[in-house]
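Student: Below is the structure, and that's it, no one-letter string:
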Ligand SMILES: [Zn+2]
């Protein structure tokens, strides 16, 4: 089998000892596609591990796990020959250098803020992997026996450290003494320097518009698509057979997480309607609102609208998105007001109102109850902090604790709407720093002295991280650079740009994470809405600063970024039904393309109130995707597994849901008995990623060796100084 054979397609069987190679030549002479079946996937070590686990973990109470024969082999597609990627070596090196540089930038920002960076990529870059988790985590159902809000005694909370904190140039600094807050007592919390950030941002911006790099990445993405097609062609039956062999497990009873959903629209329209009708019947005389100093009962409110409970229907409620909301985010926002009345929004879907968010708490708890009933569905609900006043956090936490809004199936993300310009015009905020102080100071205070914000301390246990939300297609008039005013001097009418919001959120979160790690508390991640619409550079900020993003639609127009998101395996929570009503019709949604290329995508609902019809919006989302795009059961299970991996649920919960080795690499990490994803699929993904990373890093290294005497390159592939 060699270059000599340059004829058209010829099939050559050559018998090596074992395995058997089936090679066929594709023209031209240097590039080959080879398909061969190889060695067992499992090492003896893995079989042993399976034996050991088999009786320890009962995945479901009713189901005792049996040992399964591993799916041993599958058909691999490989390319051989010199210029494997179809471009001259010099082009490959140029592109590879840029890609590697970008990956180093992301690694730096993830590492500093204690967010996750893909392990396989870390290995390929020859960096050390910090193993945060113990390698063999015990696996038990993560059910809590007592309600987390039962014992709220400030005396039992971790003690006050006596630290002081204040915001300097938009970032909170922490000092060991309250009385003496200056450089001598400052804690080093490693928040990123503004200058460095802007320099990195510029490197990234130049890189994504570089023509040759663009075409290189585009070609690689095309290759990844084709390779997946080939994989499916050859292994579909095997994948299916592997799934069939697993007892008990199927798509319905694997864990799924709705990775992007807003709490204020987490119920569907029929649910909200029924709830409002029930409230009108049960509490007609309750004072729910103060209008010009006079209390209004629920009856008064509806009478002023000329409505009775009988009149109400889903049609009068009018919260569903329709064809009129397409490319009209303003109209979509108005859909949050039932019957077009903002007062109903305030009464029923806000946490901070005259009834202290009682109705909203009830309806969220009903949604939680449904999730618990379904058992396998989980949600990461977004709650808002606006940054208008300092007590927002305490009020929100008191709402959760007072109404006991908690479920094992739900974790919170805090969304910060980018509405500084609105509050500024209303004279609620004098400058941007005030907004940042309102958002972050209470968190530092609660971390320094939990007893000072007892509810907040408990509530934060279930908060995963931060989200940044608003209409991305709003025009931005300002470009973030070193001449931009610091937050304290941002007194303009204009809203700061997306990257400005993201940088300051990231910087404060990083400082906060360092402080929390010192105290043994969990850390937060950044998971903004990003690339739903608007300029491409939002995705650059997302790439540098966030652990994962929601939407990512615009990656379809940015091959370099898409390739980078693939190589770094950045999670993308996609909501095609939401996009279909707002920004991109369903059949043009890039999800199937991303999935085939191996990007880390999951399905999420965004706003069931506006987009879904059934009681199980997440299943509706999966169901429509499966039918429109003809997803296989394996694809669906892979999406579900991705959703758990990229979610903010605890390590303990994930080891229970995905298997104790889920944080390893390759098929080792998969446990088909829990995920229903065949090892073949996981192996294909991990081998493809490893090969892709190898192609890139190998090119850079080879070139470095060649030029080692010519010049000193700033780009080092070895471990960074001080990392060991
Ligand atoms: Zn959203």
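Tutor: Structure received. Nothing here was measured: the structure is a model prediction, and the numbers come from that model.
Student: Please count neighbours and contacts with C-alpha atoms only from this point.
Tutor: Fine.
Student: wait, what's in contact with the closest residue in space to residue 451 that isn't next to it in sequence?
Tutor: Ranked by CA to CA, 6 or more residues apart in numbering and with sequence neighbours excluded, the top spatial neighbour of residue 451 is residue 154, at 4.7 Å. Residue 154 sits next to 450-452, 454 when contact means CA atoms under 8 Å, 6 or more residues apart in numbering.
Student: show me what contacts the residue nearest the centre of the chain?
Tutor: Residue closest to the average C-alpha location in the chain (CA atoms, centre = their mean): residue 548, at 3.6 Å. Residues in contact with residue 548, defined by CA under 8 Å, 6+ apart, are 526-528, 542, 570-573, 646.
Student: Pipe the contacts of residue 154 into JSON lines and attach pLDDT per row.
Tutor: Converted to JSON lines, those look like this (pLDDT from 0 to 100):
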{"residue": "450", "pLDDT": "93"}
{"residue": "451", "pLDDT": "92"}
{"residue": "452", "pLDDT": "92"}
{"residue": "454", "pLDDT": "93"}
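Student: helix/strand/coil for residue 296?
Tutor: strand (DSSP: H, G, I helix; E, B strand; the rest coil).
Student: sorry, back to before: could you export the contacts of residue 548 as JSON lines, including neighbour count, distance to residue 232 and secondary structure?
Tutor: Output for the contacts of residue 548, formatted as JSON lines (neighbours: other CA atoms under 10 Å; distance: CA to CA, whole Å; DSSP: H, G, I helix; E, B strand; the rest coil):
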{"residue": "526", "neighbour count": "26", "distance to residue 232": "34", "secondary structure": "strand"}
{"residue": "527", "neighbour count": "28", "distance to residue 232": "32", "secondary structure": "coil"}
{"residue": "528", "neighbour count": "26", "distance to residue 232": "33", "secondary structure": "coil"}
{"residue": "542", "neighbour count": "27", "distance to residue 232": "31", "secondary structure": "helix"}
{"residue": "570", "neighbour count": "23", "distance to residue 232": "23", "secondary structure": "coil"}
{"residue": "571", "neighbour count": "26", "distance to residue 232": "23", "secondary structure": "strand"}
{"residue": "572", "neighbour count": "30", "distance to residue 232": "23", "secondary structure": "strand"}
{"residue": "573", "neighbour count": "29", "distance to residue 232": "24", "secondary structure": "strand"}
{"residue": "646", "neighbour count": "22", "distance to residue 232": "24", "secondary structure": "helix"}
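Student: Can you name the two of those residues that sit furthest apart?
Tutor: 542 and 646 (15.0 Å; CA to CA).
Student: Scan this protein for its longest helix.
Tutor: The residue-count maximum for a helix in the chain (DSSP state H) belongs to helix 211-245.
Student: Going by neighbour count, which residues of that helix are buried?
Tutor: Neighbour-count burial for helix 211-245, counted by 16 or more other CA atoms under 10 Å, picks out 213-214, 216-221, 224-225, 227-228, 230-232, 234-236, 238-239, 242-243, 245.
Student: Likewise for stretch 535-548?
Tutor: So, applying 16+ other CA under 10 Å, buried residues of stretch 535-548: 535-548.
Student: so what's residue 357 up against?
Tutor: Here residue 357 is in contact with 347-351, 399 (CA under 8 Å, 6+ apart).
Student: quick one: pLDDT of it?
Tutor: Model confidence at residue 357, expressed as pLDDT, equals 93.
Student: ok, it to residue 348 distance?
Tutor: 7 Å (CA to CA, to the nearest Å).
Student: ok, residue 471 touching residue 327?
Tutor: No: applying CA atoms under 8 Å, one finds residue 471 not in contact with residue 327, separated by 10.3 Å.
Student: Low-confidence ranges, this protein, go.
Tutor: Within the chain, the stretches with pLDDT under 70 are 1-72, 128-144, 707-724.
Student: tell me which element the closest residue to residue 555 other than its chain neighbours is part of?
Tutor: Closest residue to residue 555 apart from its sequence neighbours, by CA to CA, 6+ apart: residue 562 at 5.2 Å. Assessed by DSSP states H and E, residue 562 sits inside helix 559-567.
Student: who's in contact with that helix?
Tutor: 99, 102-103, 121, 208, 213-215, 217-218, 220-221, 539-540, 543, 555-556, 597-600, 689, 692-693.
Student: Taking helix 211-245 as reference, get the angle to that helix.
Tutor: 40 degrees (axes from the mean of the first three to the mean of the last three CA atoms, to 10 degrees).
Student: any idea how far residue 460 is from residue 170?
Tutor: 22 Å.
Student: Kindly report the same for residue 667.
Tutor: The value you get for residue 667 to residue 170, if CA to CA is used, is 44 Å.
Student: Check residue 389 too.
Tutor: Distance, residue 389 to residue 170, using CA to CA: 16 Å.
Student: Likewise for residue 178?
Tutor: In terms of CA to CA, residue 178 sits 19 Å off from residue 170.
Student: Tell me which of those two has more neighbours.
Tutor: Using other CA atoms under 10 Å, the more surrounded residue of residue 178 and residue 170 is residue 170, with 21 against 14.
Student: returning to that earlier point: ok, so of the contacts of residue 357, who is nearest residue 260?
Tutor: So of the contacts of residue 357, ranked by how close each gets to residue 260 (CA to CA), first place is residue 349, at 17.9 Å.
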